[in-house]
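# below are the sequence and a predicted model for it; my questions follow.
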Amino acid sequence: MPAVPFSADDTARLQEALDEVVADGATPGGVIVCGTTDGQKRVLAGGTVAPELGELTPTEHTTYDVASLTKVVATWPLIGQTLETGLGDLDAPVRDVLPAMTGEAPSGEATLRQLLAHTSGLRASTRLDHYRGASASLHELLCREPLEGTPGRHRYINRGYILLGLALAHANAVPLDYLAGQLWQRIGMSSTIYGPVARGSHVAPTERRIPGAPRAWGSVHDDNAALLGGVAGHAGVFSTPHDLAAYAAWLLDAYARGDAMGEWLRVSLVPHAPIEPGLDRGLAWILAAGSHVAYHHGFTGTSLYLAPNAGRYLAICTNAVYHGAARTRITPLRNLALKTISATWRSGALDE
């Protein structure tokens, strides 16, 4: 079916919501890109890149720490690519695609599917600093941990994606950032990279963790990713609204064509566990609107939404974590984004 465009009212409401969260002090500024598979695209911006830069308005080329969007922009597509080349099995224990270990490894028995869907039962709290000075390798330390929950139940767990990142590097025999870089280059995401990135007016700074200390600006915000040199399966990627839009359009085109990545997206839209009424977890993605919409958030204030059957996407980039706890006040913008991209399904415009 033809792509469903965003209306003038849609974009006006999104611009108003962005302006409101900026005025509320939730974020210094931000950019929204909404578009369709037939090439329609709107870029909305508001606020500033950062107070340190005066009135400089962010653009679709401003670089943001996308935090947990790393899971769906790097790890998830690379798992699909790796499975397609026969280097892994979705229902095999993750220990099978990591360097060999002997003895018991309870967390290593979690399957790739369980790790992607956050149903592994691994420990939810991730503190890699506890492993400083350990003699064993990180994958072994994580795999030997006891389970904390019952496999099959949903609980958001970063350490599962850390293991997936380690597994990707081992299975493909190249570093994770190199593997991801190859993918992004093929898509045309020339401004997407694992950090750190050079500080400048084109980069949105994040949080000052300690009063009087320098603000994080081009260095990864996530503590565990920082301990891994900025390259991890759960966080560490920097990107631009332009590149996230290009990625979304690429995924939606693949879905429409039914090629390998499109089929991986289709498989990932199958619910694996309920999160709350109306929301399920697929493989990596949160599913809404009867699984017609897939989306993910990043802790720093980023979001990416896909409506594959409607051929539409929406990307939000903010540095809301700049103000610390105030980042939670971008929720109205995220809620409106989900409502907007889900509107075609709610109105019955999609035929199955």
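Arrived safely, thanks for sending.
# alpha carbons only for contacts and neighbour counts from here, please
Will do.
# helices of this protein, residue ranges please.
Using DSSP state H, the helices of the chain run over 8-23, 70, 76-84, 112-116, 138-143, 158-172, 176-187, 223-227, 241-257, 260-268, 331-346.
# in CSV: those, plus distance to residue 106, mean pLDDT and mean neighbour count.
Below are the helices of the chain laid out as CSV (distance: least, Cα to Cα, whole Å; pLDDT from 0 to 100; neighbours: other Cα atoms under 10 Å):
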stretch, distance to residue 106, mean pLDDT, mean neighbour count
helix 8-23, 44, 98, 18
helix 70, 26, 98, 25
helix 76-84, 22, 97, 19
helix 112-116, 13, 98, 26
helix 138-143, 6, 96, 20
helix 158-172, 13, 98, 23
helix 176-187, 24, 98, 16
helix 223-227, 22, 96, 18
helix 241-257, 35, 98, 22
helix 260-268, 25, 98, 19
helix 331-346, 37, 89, 18
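# can you add distance to residue 57 and give these back as CSV?
Listed next are the helices of the chain as CSV, based on distance: least, Cα to Cα, whole Å:
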stretch, distance to residue 57
helix 8-23, 12
helix 70, 25
helix 76-84, 32
helix 112-116, 36
helix 138-143, 41
helix 158-172, 32
helix 176-187, 26
helix 223-227, 28
helix 241-257, 14
helix 260-268, 34
helix 331-346, 18
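# residue 35 is nearest to which of the ones you listed?
Nearest of the helices of the chain to residue 35, taken as Cα to Cα: helix 241-257 at 7.5 Å.
# what lies in contact with that closest one?
The contact list for helix 241-257 (Cα atoms under 8 Å, 6 or more residues apart in numbering) reads 31-37, 59-63, 73, 187-192, 260-263, 265-266, 304, 306, 308, 311-317.
# got the angle between that helix and helix 260-268?
Between helix 241-257 and helix 260-268, the angle comes out at 80 degrees (axes from the mean of the first three to the mean of the last three Cα atoms, to 10 degrees).
# could you list every residue that touches residue 292?
Residue 292 sits next to 269, 307-309, 342, 345 when contact means Cα under 8 Å, 6+ apart.
# show the end-to-end separation of stretch 17-34, please.
Distance across stretch 17-34, first residue to last, is 14 Å (Cα to Cα, to the nearest Å).
# dump the contacts of residue 292 to a markdown table, plus distance to residue 160.
Compiled in a markdown table, the contacts of residue 292 are given as follows (distance: Cα to Cα, whole Å):
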| residue | distance to residue 160 |
| --- | --- |
| 269 | 19 |
| 307 | 26 |
| 308 | 26 |
| 309 | 29 |
| 342 | 29 |
| 345 | 32 |
